[in-house]
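Visitor: fold the stuff below for me.
(one chain, ligands or ions: 1)
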Amino acid sequence: MNFLITGAAGFLGSSLANHLAREGHQVRGLDDLSTGDPQALAPDVHFTRGDVNDRPKLWTLLQEVDVVYHLAARVSVPESVLYPRDYNAVNVGGTVALMEAMRDVGVRRVVLASSGAVYGDLGPEAQPLRESVTPNPRSPYAVSKLAAEFYVRTIGRLWGIETVSLRIFNAYGPGQHLPPSHPPVVPYYLRQALRGGTLVVHGDGNQTRDYVYVDDVVSAMVAAATAPNIDGLVINVGSGMETSVRDLVKCVLDVTGGKPEVIYNSQTSSGVSRMRADLTLAQDKLSYRPSIKLEDGLRLTLQRDPRFR
Ligand code: NAD
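Guide: Predicted coordinates:
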């Protein structure tokens, strides 16, 4: 098959692109390299540097494409609080530009990388989170992802493009971007533990997340390209397991063998209190079975990511 992946040089995009290319598919990648790294891509992925809002470029790249994976986005929740206009322009505006271009060229299907963040803080009684609950987004990032879901589904229905939105929970694994401020918690803790730095836990550490290894996310994305009867759906992609940040710290210390100082900062917000994905729909529609436990995923990350050697 012919695929276009937006955000292809990013953490999830490059893993997906390399996987599809290994399977023998034709893969084109688009990325503006605002955070992505084209070196992460295998040589047989056809890479183009460009903005997802650039419709003429999209028209060219979309020729003969069967399925588009739309991953290009700004991805930091705290940054979105400071720059909501930028998040709206890329995550919402870029999605609308892509859908228009897909309509113009006549592409059959799009898979949107949405986020578990759209649920917001729905509390213990809503766990595990099902796709049918009403989302309560708490950040401009989460709003932008929910708006993107609606745009994809609505424009898709109007123009006969099949759409599916995958609500990915906390993905981690080799190649995850590690920015200097507000880094994602898994690579940040791994790096700190290996270097003997301090691990800062926001709040009391009892907040939970659903950490899912990148290979499991890729398996769901691959299935979403061809699965029947998923048009218009949103589908959770997580591990189905709930891990407190305290337990994540313990796991990181176990796999690294490090003994860093751990500081609990009660002055900072711990964010959403609980998150665990209900995977019934993913199992039913995508035959999705996450297979990598957190401890194994952390070990694989250490083995496969040269930054941790
Ligand atoms: P990432 O930052 O590594 O990848 C995003 C890529 O998009 C980057 O390579 C960046 O350069 C590119 N990009 C940004 N703005 C662009 C633009 N205007 N035009 C073209 N490219 C642009 O992040 P990731 O973790 O790989 O996330 C990929 C997608 O999955 C995002 O849409 C994100 O919202 C979603 N997602 C990720 C997670 C996670 O835990 N990693 C969870 C839920 C959803």
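Visitor: okay, and the closest residue to Met99 other than its chain neighbours sits in which element?
Guide: Sequence neighbours aside, Ile155 is the residue nearest to Met99 in space, at 4.1 Å (criterion: CB to CB, 6 or more residues apart in numbering). Every C-beta, even on glycine, is put in place using the N, C-alpha and C of the backbone. Here Ile155 sits within helix 140-159, counting by DSSP states H and E.
Visitor: what mean pLDDT does that helix have?
Guide: In this model, helix 140-159 has a mean pLDDT of 98.
Visitor: who does the next helix or strand after it pair up with?
Guide: Sequence order places strand 162-168 as the next helix or strand after helix 140-159, per DSSP H and E. Sheet pairing of strand 162-168 (DSSP bridges) gives strand 109-115 (parallel), strand 233-237 (parallel).
Visitor: ok, which of the ones you listed comes nearest the ligand?
Guide: Ranking those by proximity to the ligand (CB to the nearest ligand atom) places strand 109-115 first, at 3.4 Å.
Visitor: and the closest one, anywhere near the ligand?
Guide: Yes: contact between strand 109-115 and the ligand, assessed by CB under 6 Å from any ligand atom, occurs at Ala113, Ser115.
Visitor: identify the residues contacting stretch 262-278?
Guide: The contact list for stretch 262-278 (CB atoms under 8 Å, 6 or more residues apart in numbering) reads 77, 116-117, 119-121, 123-124, 127-131, 138, 167, 169-170, 198-210, 212, 236-242, 245, 249.
Visitor: up against the ligand, what does the stretch 51-200 of the chain have?
Guide: So the stretch 51-200 of the chain meets the ligand at 51-52, 71-75, 90, 94, 113, 115, 168, 170-171, 177 (CB under 6 Å from any ligand atom).
Visitor: report the two of those separated the most.
Guide: Greatest spatial distance in these: Asp51 and Asn170, 27.2 Å, computed using CB to CB.
Visitor: these two: which is more packed in?
Guide: Remark: of Asp51 and Asn170, Asn170 carries more neighbours, 20 against 17, as counted by other CB atoms under 10 Å.
Visitor: contacts only, for the more buried one.
Guide: Contacts for Asn170 (CB under 8 Å, 6+ apart) come out as Gly116, Pro184, Val185, Val186, Arg209, Asp210, Tyr211, Val212, Gly238, Met275.
Visitor: mind running it again at 10 Å?
Guide: By CB atoms under 10 Å, 6 or more residues apart in numbering, the residues touching Asn170 are 115-117, 184-186, 209-212, 238-239, 243, 248, 275, 277.
Visitor: which positions in stretch 280-292 come out as buried?
Guide: Across stretch 280-292, burial judged by 16 or more other CB atoms under 10 Å covers Leu281, Ala282, Lys285, Leu286, Tyr288, Pro290, Ile292.
Visitor: on that earlier part again, show me which of the contacts of stretch 262-278 are buried.
Guide: Among these, those buried by neighbour count (16+ other CB under 10 Å) are 77, 116-117, 119-120, 127-129, 131, 138, 167, 169-170, 199, 201-203, 205, 207-210, 212, 236-242, 245, 249.
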